[in-house]
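Novice: what follows is a predicted structure for the sequence shown.
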Amino acid sequence: MASIAGVEFEHYLPANTTGVQETAPRLSWKIVDAPKNFVQTGYEVELREYGLGSDVSLSTATVDSSSSHLVPWPFPNNKLHSRQRISVRIRIKDEHHVFGNWSEASHLEIGLLSRDDWVCQRITAPWAAELPGPNPEDLFRKGFHVSGSVEKARLYVTAQGVYEAEINGRIVGDQFLAPGWTTYSGRIQYQTYDVTANITLGVNCLGIRLAEGWFCGRLGWEGGHRNIWGPHPAIMAQLEVTYVDGTVQVAGTDESWRTAQGPVRLAEIYDGEKYNATLEIPAWSTPTLEEKSIDETKWAPVTVMPPIPDSITLVAGYGEPVRRVQVLKPAGPVIVTPSGKRIIDFGQNLVGNVRLKNVRAPKGHKITLSHAEVLENGELGTRPLRDCKAVDEYTARGDPAGETYEPRFTFHGFRYVQVDGWPGDLDTNSIEAVVCHTDMRPAGSFACSDDLLNKLYENVVWGMRGNFFYVPTDCPQRDERLGWTGDIALFVSTAVLIYHCHGMLRNWLIDLEIEQTILNGVPPMVSPNSTLADQKWCRKVPCAIWHDVTVIAPWTLYQETGDVAILAQQYRSMMTWMNVIPKNKTGATHLWDPRPFQLADWLDPAAPPDQPWKSHTDNKMMANMFLIQSLDLMAKISALLGKESESRHFTQESEAARDEFHDEYVTKNGRIVSDTQATYAVAICFNILKPEQRARAGERLVELVRKNNLRIATGFAGTPFLCEALAATGHVNVAYAMLLEKECPSWLYPVTMGATTMWERWDSMLPDGSINPGEMTSFNHYAFGAVAKFMYERLAGLQRVEPGWTRCRVAPAIGAEFTSASASHLTPNGTISCSWKTSVASTGVETLELDVSVPYGTTAEVVLPSEDGEHAEVVGAGNWSFRTPIRRDYEWPIPALPPKS
Ligand code: BGC
């Protein structure tokens, strides 16, 4: 009999189910060890409630269904309520209607669902409104007495700003920069912590550090803005202690709390953190201080603020939190620069902070840490950071036993750190880098026989890690780090192959709609919209691709998970966007009005460094291809949601737009007036052309690529589609030639230059090692990394065919000199993987061996080369091996063509 590996709720990871907000969570499970003919014909769910020493069965439900992914909550009479703790276990019925064993129980706890659950008050420091900023952190504290046996203790916290809580001197939870970044004018997240183990009998103390964070710290380029969502930070916390007899004691923030300024003197996202250990207040969050009675000169009464308006919802949120996920040691000895500075190289461009250990320095001694992604002329290359200091400063308390420091209210994008003021010889054992990002579940892997491509894939993964930080950001190091909509629109279909990011992006999309409402339906360029106060940058002008994210991102999440709910959630946002796309009503055009400014194939390598929108590809034409894609997707999405008339409308619109597009831009034979790589790449992948034109367009694309020495000539818009367009029109080896090209612009050029993340520009670093003169130059932007999808799907050969991976295709495109490749993906049904390698026998015959592993509930069409073209076979769950002789009768290497040929 098959068994069940873990029952999961919604899209939550098992570690993140304390304090969720669904009252009827959907359930999923994976079926493992299924015998050959096994079919799930039904399931039984048991719902139990536990707490106060009891664990009772509330209900069971039996459902006849083969579904095991996001099945509806089967207990309509048991909607969950605030603070409820439940467990669920499941057993499934086989094809003979015989039940197997019960699964392990999975636990879930509901957070605070209603504003009425919050009995605490919003508090701030009395000086908060007076200080001009940037402000030091404020500490808040409150002692409380526990006088009996505790069954459970929960701490609920939210903040306008960022916070870290402590109970009795111990940090609570492992979230970094809680409560995270949302559109604070609409939604603020709160966290639920199980602090039962932190509470002791007698006097306890709850302490909270609070700093400005994104809420009121400086954000944005050209100086940016402060106080975007409010004038100063504030905190709301409530500790609920439940005794074994059921009585509940609450210690919530109110006028009885005390506040003092803490040792963090500067807590800026961009400029860094200054920590002065001589200003530490010993035992500030412990009862020891309480017993000594508070020094009223140090600890002031707090200011109670009016409640957060009801128009702002307090939400548990759907995304995983940012955590400290990895520690990296220095990659080599201390570097001494030509000017005599001491620099540590962590060997990896990363996002997070530097941790200092064993600091032995006199009291008041300062150590500074300056961060940068690259070196230039042997020194720290800080120019790309623009108006962002990225410097942390530690002032020692003078402890002879050694001190430790790690920033808590800032983060940096860096590979190198310059350490100034280290007392004595800098020992590499005293310093490490702490990697922080949204703590998502890894979704897949890729490897092949070319080491440089493996490094490229690794760089794509690191680029995603550094830029999935509560929201999907453009870059993590300079004075931006913002949720640029276009970047994720172009990367999202690659992102879902690397990490499970449904929760984080679902959360972000809710905010996107809130921002859209504020701008009368036009989506923001960045979300959360930190440009709102900025007349120059908050353009409120519809912008293709960037704003098409409203359609592209939910569609991609649906494709990845099969969860139609994301489409329903975002449908209004998509429709609003489709209705504000400016079309020339009088001319009855179905295309974009040609006036609005477009970013389109942003960062085309031919564009001048300081005018990245000046692509060789016609911007309006590119905007219109993305419009056609959005219309096509809207027709499908509307149909999936049962909105037939809308679906018909979008089908007609897309046909009309295609016709007009052809009249305006396409020749009968498939030339497109903007005759560039980006144009053909997108036109082919978006099915803009008729079949005969498409073949011709593929040939023209090959020609353009070969005339360009097999190098890339695309920016943001064209790059994700370039290799796929070549492969889809029968030119996979040309795609491979581009992929393997090392001269700039190419994907491997940065790798040969030592890159460890994806760069913003093809030539962020020039071949002579100098930094690109463009003021906008980052070494950690994910957009060009979108090519990893092609590597996964064509080189390794693993492709999703149906939403949720229920049907897949394994079709490795053997080409170039590749001798092996593999990919795996954790799908809703379990892991699917494929791995191929070739070997040449002494007879000279080359054989391809392919291993495929398919989880229960999934079918895979395996396509292999054969004598007469291709051989396809459909397989179900299990491990499968295939062998076939192959012939490499293709042209390789692909020759370049003279540019003028
Ligand atoms: C960001 C980009 C973004 C672009 C659009 C840049 O500064 O880093 O990735 O999409 O601006 O204007």
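Specialist: Structure received.
Novice: could you point out the longest strand in the protein?
Specialist: Using DSSP state E to define each element, the chain has its longest strand at strand 342-359.
Novice: partner strands of it and their direction?
Specialist: The strands that strand 342-359 pairs with in its sheet are strand 335-336 (antiparallel), strand 403-405 (antiparallel), strand 412-420 (antiparallel), strand 431-438 (antiparallel) (by DSSP bridges).
Novice: just name the most buried of the ones you listed.
Specialist: For these, average neighbour numbers computed from mean count of other CB atoms under 10 Å are highest in strand 412-420, which has a mean of 24. For the C-beta atoms, the positions are set from N, CA and C on the backbone; glycine is no exception.
Novice: how far out from the middle of the chain is that one?
Specialist: 23 Å (CA atoms, centre = their mean, to the nearest Å).
Novice: now residue 816: phi and psi?
Specialist: phi 50, psi -140 (degrees, to the nearest 10).
Novice: which ones are touching the residue of the stretch 751-900 of the chain found nearest the ligand?
Specialist: Closest approach between the stretch 751-900 of the chain and the ligand, counting by CB to the nearest ligand atom: residue 776, at 5.3 Å. The contact partners of residue 776, taken as CB atoms under 8 Å, 6 or more residues apart in numbering, are 612, 760.
Novice: number of residues surrounding residue 860?
Specialist: Per other CB atoms under 10 Å, the neighbour tally for residue 860 reads 26.
Novice: wait, a strand at it?
Specialist: Yes - the assignment for residue 860 by DSSP: H, G, I helix; E, B strand; the rest coil puts it in a strand.
Novice: nearest residue to the residue of the stretch 151-300 of the chain found nearest the ligand in space, please, no chain neighbours.
Specialist: For the stretch 151-300 of the chain and the ligand, the shortest gap (CB to the nearest ligand atom) falls at residue 221, measuring 7.0 Å. Closest residue to residue 221 apart from its sequence neighbours, by CB to CB, 6 or more residues apart in numbering: residue 479 at 4.9 Å.
Novice: quick one, what contacts that neighbour?
Specialist: Per CB under 8 Å, 6+ apart, neighbours of residue 479: 220, 221, 224, 270, 385, 386, 387, 388.
Novice: and with 6 Å instead?
Specialist: By CB atoms under 6 Å, 6 or more residues apart in numbering, the contact list for residue 479 reads 221, 270, 386, 387, 388.
Novice: mind checking the SS state of the last one?
Specialist: This means residue 388. Taking three-state DSSP, the label given to residue 388 is coil.
Novice: now it: how far from the ligand?
Specialist: Look at residue 388 and the ligand: by CB to the nearest ligand atom, to the nearest Å, they are 13 Å apart.
Novice: wait, that residue sits on residue 269?
Specialist: No - with contact defined as CB atoms under 6 Å, residue 388 does not reach residue 269; the gap is 8.6 Å.
Novice: on that earlier part again, distance of the residue of the stretch 751-900 of the chain closest to the ligand relative to residue 442?
Specialist: 31 Å (CB to CB, to the nearest Å).
Novice: equivalent analysis for residue 865, please.
Specialist: For residue 865, the distance to residue 442 - CB to CB - is 31 Å.
Novice: name the residue in the two with the higher neighbour count.
Specialist: Taking neighbours as other CB under 10 Å, residue 865 and residue 442 compare with residue 865 leading, 17 against 10.
Novice: just checking, that one is part of a strand?
Specialist: Yes - using three-state DSSP, the assignment for residue 865 is a strand.
Novice: ok, now which ones touch the closest residue to it other than its chain neighbours?
Specialist: Leaving aside its chain neighbours, residue 865 sits nearest to residue 886 (5.4 Å; criterion: CB to CB, 6+ apart). Neighbouring residues of residue 886 by CB under 6 Å, 6+ apart: 814, 846, 848, 865.
Novice: quick one: buried residues of stretch 600-607?
Specialist: 600, 601, 602, 603, 604, 605, 607 (16 or more other CB atoms under 10 Å).
Novice: and which of those is nearest to the ligand?
Specialist: Distances from the ligand to the buried residues of stretch 600-607, taken by CB to the nearest ligand atom, are shortest for residue 602, at 6.0 Å.
Novice: hmm, that closest one is touching residue 611, no?
Specialist: No - judged on CB under 6 Å, residue 602 makes no contact with residue 611 at a distance of 10.6 Å.
Novice: so residue 379 sits right up against residue 337, yeah?
Specialist: Yes - using CB under 6 Å, residue 379 is in contact with residue 337, at 5.0 Å.
Novice: element containing residue 517?
Specialist: helix 502-518 (DSSP states H and E).
Novice: in this protein, what secondary structure element scores lowest on mean pLDDT?
Specialist: helix 287-291 (a mean of 75; mean pLDDT, DSSP states H and E).
Novice: next SSE after that one?
Specialist: strand 300-301.
Novice: packing partners for that next one?
Specialist: Helices and strands touching strand 300-301, as assessed by 3 or more CB pairs under 6 Å, 6 or more residues apart in numbering; DSSP states H and E, are absent.
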